[in-house]
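K.L.:
Sharing a model that was predicted from the sequence below.
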Amino acid sequence: GRANSYMRQLWGVEYYSQLWGSDGKSVLAAASVPAEQRNQAVNALVKAIEFRNEDMKRHARTRRCRGLCPTASNCQDCRSRANHDFMFRLLGESRDAMLAI
């Protein structure tokens, strides 16, 4: 989704997805900090990934369609799941890229 005004000011991004991923702003910033700070960032990302994974599990249990909608469906639950999956993947890419620095 869209970043709030604080995030836009702090990071210079319009969307949260611009922060994450192997070439996101968070990875670029991590490359210029000491290893100890980078490790703290990686640990925070691991916790965020674990939280998102648990959130996705809770969401899966409450979906009315149980994910059985056709691909072309306009199901709000399935769209929400796709958004969660996308951000989950970007967080993982960020973690991996920071570890590779």
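P.N.:
Ah, there it is.
K.L.:
ranges for the helices of the chain?
P.N.:
With DSSP state H as the criterion, the chain has helices at 5-11, 25-30, 35-62, 76-100.
K.L.:
which of those helices sits most buried?
P.N.:
Per residue and on average, the most neighbours among the helices of the chain fall to helix 25-30, with a mean of 18 (mean count of other Cβ atoms under 10 Å). In this view, the C-beta of every residue, glycine as well, is placed from N, C-alpha and C.
K.L.:
Low-confidence ranges, the chain, go.
P.N.:
66-68, 70-73 (pLDDT under 70).
K.L.:
Go ahead and flag the most central residue of it.
P.N.:
Per Cα atoms, centre = their mean, the C-alpha nearest to the average position across the chain is that of Met87, at 3.3 Å.
K.L.:
Now for that one: which residues touch it?
P.N.:
By Cβ atoms under 8 Å, 6 or more residues apart in numbering, Met87 lies in contact with Tyr16, Ser17, Trp20, Arg52.
K.L.:
Mind doing that once more with 10 Å?
P.N.:
Each residue near Met87 by Cβ atoms under 10 Å, 6 or more residues apart in numbering is listed here: Gly1, Tyr16, Ser17, Trp20, Gly21, Ala48, Ile49, Arg52, Met56.
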